[in-house]
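Enquirer: sequence first, then the predicted structure:
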Amino acid sequence: MTDLLEPRAIGADLVRRDGELKVRGTATYAYETPVEHPAYAHPVQATIARGRVTAMDTAAAEALDGVLAVLTPFNAERLAATDDAEYAVLQGQDVGFRGQLIGVVVAETSELAREVADGITVRYEELPHDAELSADRPDLYAPEQVNAGHETDTAEGDVAAAMAAAEVTLERTYSTAMYHNNPLEPHATTALWESAGDGFLTLWDSTQGVHPDRAAVCQVFGLEQEQVRVICPYVGGGFGSKGLPHANVMLTALAARALPGRPVKLALTRQQMFFLAGYRTPTIQRMQLAADSRGRLSAIAIDVVEQTSKVKEFAEQTGVPTRMMYASPNRRSTHRLAALDVPIPSWMRAPGECPGMFGPEVAMDELAEELGIDPIELRVRNEPDVDPETGKPWSSRNLVRCLREGAERFGWSGPRAHRDGDWLVGTGVASSVYPTMRQATSTANVRFEDGRYVAEIGAADLGTGAWTILPQITADALGVDVADVDVRIGDTRYPVASVAGGSSGTNTWGSALVVAAREFRTKFGADPRDGDEASGDVDQAGQDDTHSPYAFGAQFVEARVNADTGEIRVPRLLGVFGVGRVINPRTARSQLIGGMTMGLSMALHENSAWDPRLAQVANHDLAEYHITVNADVGAIEAHWIDEHDPYVNAMGSKGIGEIGIVGTAAAVVNAVHAATGVRVRHLPVTLDKLLTALP
Amino acid sequence: MKPFAYARPGDVVEAVRDVVAEPNAVFLAGGTNLVDHLRLGVARPDLVVDVRTLTSREVTGLPDGGLRLGAATTNSQVAADPRVRERYPVLAQALLAGATGQLRNMATTGGNPLQRTRCVYFSDVTTPCNKREPGSGCSAVGGYTRYHAVLGTPAALPDPHAPETCIATHPSDMAVALAALDAQVQVLGPDGERTIPFTELHRLPGDDPSRDTVLQHGELITAIDLPVLPAGTRSAYRKVRDRASYAFALVSVAAVVTPDGELRLALGGVAHKPWRATRAEEVLRGQQLTEDAVRAAITAELAAAQPQPGIDSGNGFKIPLVARTVLATVRGLLPEEQS
Amino acid sequence: MDAEITLRVDGEAHRLTVDTRTSLLDALRERLGNTSPKKGCDHGQCGACTVLLDGDRALTCLALAVAHDGAEITTADGLAPAGELHPVQQAFLDSDAFQCGYCTPGQVCSAVGVLEEFERGWPSHVTEDLTGRPEMSHDEVAERMSGNLCRCAAYVNITPAVQQAGGAR
Ligand SMILES: Cc1cc2nc3c(=O)[nH]c(=O)nc-3n(C[C@H](O)[C@H](O)[C@H](O)COP(=O)(O)OP(=O)(O)OC[C@H]3O[C@@H](n4cnc5c(N)ncnc54)[C@H](O)[C@@H]3O)c2cc1C
Ligand code: SF4
Ligand code: FES
Ligand code: FES
């Protein structure tokens, strides 16, 4: 049990500290960093999916006035470490996926850099590629582990026997599409290499973590940490894609090192991001449920098939939430991968839980229908007393409260379908879950400076509100007014911080800040002198290992389907979450509704239409890759229950950045089913899948 | 983007002369399609001749009661014009269903019908495309065909390597309404002026998919005329798309019903050109405009439709979708007792 | 090929040399150092680069700078003097109508344009009665703001912010 802070600033509805800069557009993002005399870089990409670059004709390009450098696999510097094939840019002639970086042009203007890069003739030795995922490929393999260190497979009891013996069984295959994070700010870097002494590299990079970013760059270039500074005060979104650097960062650093003293700017184009910035793998989920006639599960199993790149393995942990969500004596989860000649998948908002709560939560609705039980009731009947995976008690689990309160607020009771003029209306529900995670490294400094308290930590604000909530935590830990606290983040000059990912930022950085603040008070008392300073590490913060910490939630959807055309609208989306104590209700609500809206987007709109012949996403821009627009959004409400969790951290807070996107798509599918009778098991839910069932 | 020269001549005659003199010259209006294509490398002109400030920016009444839309009128301006809203709702609705407020403020009457296909392979210069690179083949066949044609195509799965293959659709919403309205296009060319019926402006791929329209090099659209409609005419535009706004049509329908029950019907998102449903109109001619009659007529129109297989089940869904959308649209225009 | 042009940006005249290929967006960001308009897609597909161009909202990524010689441009940074906020900006702050902030200057400029378009009585795709004056309803505002993608998905806060700034409820 940790010693919970007395909330004063915590819980206050404070306006974002970076708000004014953002509404004026004067917050500077990576590419926008004002630097002296910048040069502009544009990448060259492979146009084959597999093979070798045999020649690149760069002579004419290099001779052009205004062209500063043309780097290719044939002339680029050799990197210190090439074991991570994603980062080994321009280190060899092999092409492992279409769109791979094979060169960069640096020029005096961005127009020229692009023109020259696009004009370079490349000769290839092309090999046949293999880029089509299916569940019946003979070469599927079990990775050693899946993302975040989870076991690949788990099994308990005998699912097959339970399936054979059960009164009711359900066996279905579901699939989620390929999705691209598409933060609105493209992945971008300004890089400056100064060669004096041993050399010094400054990167203004759009990243979810300046320290992890620096660590990767140091490794690849063989530089000491003291030789690299990464700065990133503002990030135009990331949703996981900026959690670790991608190859573009290494390419920009390479370009800068070729032009010492000259700042080099490189922003991926939106189109390039579909090849180079990671994506959520498509998943195929075979679900099995066995139950008695009252709906008590006797078996739950998920077998997941997904893809990775032959260049570098990423195994999304899709099956993980099934391991702990509902009680059942017999359980199984497996992950199998197809390694293909494709771009490298990576993190996207709630990897694991987001796709992994799609199949199971639709399956629960299907089972409820089969049994004639209300889907909320079915979930309540399968509520586990302890974490079924670990056997540990929950730090707090309020799924049932969320379901019940949501039902109340949404008006769940009564028929789930009716017709309103030209519209077929239906309602649906699904559960949400997200683990409460804390990273192992993070340090914070607290200093008294000019009559104010200054906290420093290399944290990142992707729009999550860190600029605003970290002062709130620090103020309460110091016992001072939040107005007297400044927080500095987004720079490796500040103490090391973990990545803003896994909804762990507030937990991790906040815990370090609390340790530092308490240390500060212990050392300097209530009346510090100018310059007094203390630091704190997250590993000094109390950590409870005896409980299973998760946030839970319930999401409700009203879907309307046009009886003529099948067009789908979602006028209402309502979520109730148990996320511990909320530090700032304003930014928290924005995180939750943002996640829910992205879940809606996943349900109805997003789909990286994969063209296996070319091995690329056919619709690789924002006109054709649809993300939800304003007109698609009706009323979206996020509520939270009053939840006191003494086990998670000193703030009593669980992560809120990701849980909002978990379960939404299933709730939409369930609502559309209620409206039309069509169960869309393969996302997205688009009108063509409903047409044949319309009146 | 390759370098190009930019010119803003003194008037339209000079503009036409400039373009005629340079085989690789193009006109520029709002730029919302051309600049997109310049940056993608899809358009590679040597000379860009800016006509945005040269052609008319006025909507004027014609002596017979019709309206003339100057080529430089913006899509926003035309959609907001009280005369258009009152007399040609199908056009106002089509314009408002297209793109976004910002784009409509830039896009022009001359440029909109001349925007090029949104075929994803056309936009990607690393893939074969007969329209962009004549003779290179058609990547869309068997590929991502969700936004592709079902009418006016030779076959489901035409030969992707044949130089004449193209299954692209014309993406403009405005153009579908103009086709239903029997608009007339005023053109200035090197040999003077000519008028082209809007329904004859666009062409099917034929043996040259690189050409979208019948305009010759250097021919400039100066205005589009809307003919007068009989008093009591009702019209509507319905667009079905993958999100509620800011998306191109999967299918769209422009319908005009005159007081004596004549239906003029045009379809979008289904063919290489805005598709005037002449077959359906013929079937209906002289008939009472009932739901059943319309259903029979659209079924006749779609008899030749060819679904294109492809990624995510292809585009066969468009055939029933068109029929349903036509029915819903026309139903809304019928007097109460008929619907 | 270079061209010399004049732009009035946020009330200040600038004489600058641009490549004929330079977009208005790059002229602002890379030549004039005004990075208030953002680049999200460079192809008219996101709205992040929205400014007021000669009074109307427009996308600077699809405008060639040479074609707008002499234009009057207002970016989000130019809507109010330093230290003050335009009512739309204030409403965005009040409603927490953004998260990462990257789409925000474009949203703000677009909203200012939308309010002006309501003022002029312009209809939208969701206007039922095309001949009447549209109301500043949720659906009307949401449709008109749909040219500005927000990947953080602040939409449910953006729409009321625009309504608030427009004096509607
Ligand atoms: C993201 C996005 C979404 C969009 N969504 C839609 C949509 O949903 N529906 C829709 O209909 N449209 C949509 N559009 C397209 C938009 O409507 C067109 O780009 C626009 O109408 C083109 O007009 P413009 O004046 O900008 O043309 P330009 O880009 O200036 O020119 C287009 C073409 O026409 C030629 N041209 C221009 N004027 C003349 C003239 N007077 N005479 C001869 N040739 C001329 C040019 O040479 C060029 O080839 C969208 C565009 C974008 C970028
Ligand atoms: S359909 Fe037409 S535009 Fe598309 S790839 Fe084929 S030829 Fe090109
Ligand atoms: S950058 Fe101009 S619309 Fe996206
Ligand atoms: S606030 Fe991040 S994209 Fe809108």
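Expert: Received it, and whenever you're ready, just let me know what you need. Ligands and ions are numbered 1, 2, ... in the order given.
Enquirer: please count neighbours and contacts with C-alpha atoms only from this point.
Expert: OK.
Enquirer: could I get the full set of strands for chain C?
Expert: In chain C, the strands defined using DSSP state E lie at C:2-9, C:12-19, C:50-53, C:56-59, C:72-74.
Enquirer: please name every helix or strand in contact with the third one.
Expert: Applying 3 or more C-alpha pairs under 8 Å, 6 or more residues apart in numbering or on different chains; DSSP states H and E, one finds that strand C:50-53 contacts strand C:56-59, strand C:72-74, helix C:104-119.
Enquirer: ok so, going back, out of the strands of chain C, which is closest to ligand 3?
Expert: strand C:56-59 (5.3 Å; C-alpha to the nearest ligand atom).
Enquirer: walk me through the domains of chain B.
Expert: B:5-50, B:63-339 (automatic domain parsing).
Enquirer: make CSV from the helices and strands packed on strand C:50-53 and add mean neighbour count, distance to A:Asp365 and mean pLDDT to it.
Expert: Shown next, in CSV, are those (neighbours: other C-alpha atoms under 10 Å in any protein chain shown; distance: least, C-alpha to C-alpha, whole Å; pLDDT from 0 to 100):
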stretch, mean neighbour count, distance to A:Asp365, mean pLDDT
strand C:56-59, 28, 45, 98
strand C:72-74, 22, 52, 98
helix C:104-119, 26, 38, 98
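Enquirer: which of those sits closest to ligand 4?
Expert: Closest approach to ligand 4 among the helices and strands packed on strand C:50-53 (C-alpha to the nearest ligand atom): helix C:104-119, 5.8 Å.
Enquirer: using the three-state scheme, assign A:Gln91.
Expert: Of the three states, A:Gln91 takes coil according to DSSP: H, G, I helix; E, B strand; the rest coil.
Enquirer: give me the nearest residue to it, chain neighbours excluded.
Expert: A:Pro73 (5.5 Å; C-alpha to C-alpha, 6 or more residues apart in numbering or on different chains).
Enquirer: ok so, going back, save the strands of chain C as a markdown table, and put in distance to ligand 3 too.
Expert: Shown next, in a markdown table, are the strands of chain C (distance: least, C-alpha to the nearest ligand atom, whole Å):
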| stretch | distance to ligand 3 |
| --- | --- |
| strand C:2-9 | 17 |
| strand C:12-19 | 18 |
| strand C:50-53 | 7 |
| strand C:56-59 | 5 |
| strand C:72-74 | 15 |
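Enquirer: closest one to B:Ala175 among the ones you listed?
Expert: Relative to B:Ala175, the nearest member of the strands of chain C by C-alpha to C-alpha is strand C:56-59, separated by 22.2 Å.
Enquirer: and the closest one, how far from the chain's centre?
Expert: Computed by C-alpha atoms, centre = their mean, to the nearest Å, the separation of strand C:56-59 from the middle of its chain amounts to 6 Å.
Enquirer: for stretch A:525-542, same thing?
Expert: 32 Å.
Enquirer: where does the stretch 1-150 of chain A dip in pLDDT?
Expert: A:1-2 (pLDDT under 70).
Enquirer: do a quick rundown of the strands in it.
Expert: For the stretch 1-150 of chain A, applying DSSP state E, counting those that start in this stretch gives strands covering A:39-45, A:51-57, A:67-71, A:94-95, A:101-107, A:121-126, A:145-146, A:150-151.
Enquirer: counting contacts, what elements does the fourth one pack onto?
Expert: Here strand A:94-95 touches strand A:51-57, going by 3+ C-alpha pairs under 8 Å, 6+ apart.
Enquirer: buried set for the strand it packs on?
Expert: A:Gly51, A:Arg52, A:Val53, A:Met56 (16 or more other C-alpha atoms under 10 Å in any protein chain shown).
Enquirer: what comes into contact with it?
Expert: A:72, A:93-96, A:120-128 (C-alpha atoms under 8 Å, 6 or more residues apart in numbering or on different chains).
Enquirer: report the strands that pair with that strand, each with its relative direction.
Expert: Strand pairing for strand A:51-57, using DSSP bridges, gives strand A:94-95 (antiparallel), strand A:121-126 (antiparallel).
Enquirer: quick check: B:Tyr121 touching B:Thr127?
Expert: Yes. Contact criterion C-alpha atoms under 8 Å: B:Tyr121 and B:Thr127 qualify, at 6.1 Å.
Enquirer: so after the one helix or strand A:Gln591 maps to, what's the next helix or strand?
Expert: With secondary structure defined by DSSP states H and E, A:Gln591 is part of helix A:585-604. Remark: after helix A:585-604, the chain's next helix or strand is strand A:610-611, criterion DSSP H and E.
Enquirer: picking that back up, of the helices and strands packed on strand C:50-53, which is nearest B:Glu133?
Expert: B:Glu133 sits nearest to strand C:56-59 of all the helices and strands packed on strand C:50-53, at 28.8 Å, using C-alpha to C-alpha.
Enquirer: hmm, that closest one in reach of chain B?
Expert: Yes. Using C-alpha under 8 Å from any C-alpha of the partner chain, strand C:56-59 reaches chain B at C:Asp56, C:Arg57, C:Ala58, C:Leu59.
Enquirer: got the contact list for the closest residue to the last one other than its chain neighbours?
Expert: Which is C:Leu59. Of all residues not flanking C:Leu59 in the chain, C:Thr50 sits nearest, at 4.7 Å (C-alpha to C-alpha, 6+ apart). For C:Thr50, the contact set (C-alpha under 8 Å, 6+ apart) comprises B:Gln102, C:Pro37, C:Arg57, C:Ala58, C:Leu59, C:Thr60, C:Thr75, C:Pro105, C:Gly106, C:Gln107, C:Cys109, C:Ser110.
Enquirer: also C:Ser95?
Expert: C:Asn157, C:Ile158, C:Pro160, C:Ala161.
Enquirer: wait, A:Tyr647 touches A:Ser548, no?
Expert: No. Under the criterion of C-alpha under 8 Å, A:Tyr647 is not in contact with A:Ser548, lying 9.1 Å apart.
Enquirer: what do those two both touch?
Expert: A:Ser395.
Enquirer: just list whatever residues bridge to A:Ala554.
Expert: Applying DSSP bridges, one finds that A:Ala554 bridges with A:Ser431, A:Val576.
Enquirer: closest approach to chain A from the stretch 151-300 of chain B, which residue is it?
Expert: As assessed by C-alpha to the nearest C-alpha, chain A sits closest to B:Ala244 within the stretch 151-300 of chain B, at 5.4 Å.
Enquirer: and that residue, how many neighbours?
Expert: When neighbours are defined as other C-alpha atoms under 10 Å in any protein chain shown, B:Ala244 has 20 of them.
Enquirer: about what we covered before: would TSV of the helices and strands packed on strand C:50-53 with distance to ligand 4 be doable?
Expert: Output for those, formatted as TSV (distance: least, C-alpha to the nearest ligand atom, whole Å):
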stretch	distance to ligand 4
strand C:56-59	16
strand C:72-74	20
helix C:104-119	6
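Enquirer: now those in TSV, with distance to A:Phe275?
Expert: Shown next, in TSV, are these (distance: least, C-alpha to C-alpha, whole Å):
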stretch	distance to A:Phe275
strand C:56-59	26
strand C:72-74	35
helix C:104-119	26
